[in-house]
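Enquirer: Here is the input, now give the coordinates:
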Amino acid sequence: MATVLDVSILQSFDAVFPFVFVLAVVFAILQKTTIFGKSIGVNATIAAVTAFMMLLSPVLIDLINFIIPWFVIAIIFFMLLLLLFQVFGATESNIYEYMKNDKAVGWVLVIVAGVIVFAGMSTVIGQTLLDTGGDTPSENLASDGSVATADFQTNIINTLRNPKILGIGILFAIAIFAVGLLSGGEKWG
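Expert: Presented below is the predicted three-dimensional model:
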């Protein structure tokens, strides 16, 4: 039955959005870095060839289709965060100076991007990397909490919920704060 919100027709274009994304990103990087000179034609040709080569890999298409919405959500979140700072009285120059001088902002952006890319890679190619991989269910299904299941997401969740992993995470957090408090001086306390 046809509905107003039926967007299944867009699945025919699932390779178009990654193609345009790769074309735009590669072209922007080539223009900014001037690796091959300042010629727009050369840079556009290299970007187009790179985008067409990306179309040969269904894994890359699926990965880009997964991560683009998450990057858009992250960008919207950071824009709303900047607007919130401005509501409380920060000016654009204050925000710019803080972001320019503080390295933590850059690290937060890199970590968020890394988490998005890691989540995309584990969703798209995670199960195929297992030794028993594939989409076939395992005959020997393990009990709850085991990482010997045929489902990759279940394995990841069970790994992260393991008491040993949680304990080492808490130890790392304590170590980070201890080093920060002992060496940071007035910044931390």
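Enquirer: From here on, just use CA atoms for contacts and neighbour counts.
Expert: OK.
Enquirer: I'd like the mean pLDDT over the longest helix seen in the chain, please.
Expert: Longest helix of the chain, by residue count under DSSP state H: helix 58-87. Averaged over helix 58-87, pLDDT sits at 91.
Enquirer: Could you do stretch 105-124 as well?
Expert: Stretch 105-124 shows a mean pLDDT of 88.
Enquirer: could you list every residue that touches residue 96?
Expert: Contact analysis of residue 96 by CA atoms under 8 Å, 6 or more residues apart in numbering lists nothing.
Enquirer: Next, work out how far apart it and residue 73 are.
Expert: In this view, residue 96 and residue 73 are 22 Å apart by CA to CA, to the nearest Å.
Enquirer: Check residue 80 too.
Expert: For residue 80, the distance to residue 73 (CA to CA) stands at 11 Å.
Enquirer: what do you get for residue 157?
Expert: For residue 157, the distance to residue 73 equals 23 Å [CA to CA].
Enquirer: again, but for residue 16
Expert: Counting by CA to CA - residue 16 and residue 73 are separated by 20 Å.
Enquirer: OK, contacts around the most centrally placed residue in the chain?
Expert: By CA atoms, centre = their mean, the chain has its centre lying nearest to residue 116, at 1.9 Å. Going by CA under 8 Å, 6+ apart, residue 116 touches 67, 70-71.
Enquirer: Let's test this: mean pLDDT of the helix or strand where residue 26 lies, rounded?
Expert: Residue 26 belongs to helix 16-33 when elements are defined using DSSP states H and E. What helix 16-33 shows for mean pLDDT is 93.
Enquirer: which other helices and strands contact it?
Expert: Secondary-structure packing of helix 16-33 (3 or more CA pairs under 8 Å, 6 or more residues apart in numbering; DSSP states H and E): helix 40-54, helix 58-87.
Enquirer: Just give me how far the last one sits from the chain centre.
Expert: Spelled out, it's helix 58-87. Chain-centre distance of helix 58-87: 9 Å, with CA atoms, centre = their mean, to the nearest Å.
Enquirer: buried set for it?
Expert: 60-68, 70, 74 (16 or more other CA atoms under 10 Å).
Enquirer: before we move on, what about stretch 16-32?
Expert: Neighbour-count burial for stretch 16-32 [16+ other CA under 10 Å]: 18-19, 22-24, 26-27, 30-31.
Enquirer: and if you look at stretch 120-127?
Expert: Under 16+ other CA under 10 Å, the buried positions of stretch 120-127 are 120-122, 124-127.
Enquirer: can you put the residues you listed in CSV and add secondary structure?
Expert: Shown next, in CSV, are those (DSSP: H, G, I helix; E, B strand; the rest coil):
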residue, secondary structure
120, helix
121, helix
122, helix
124, helix
125, helix
126, coil
127, helix
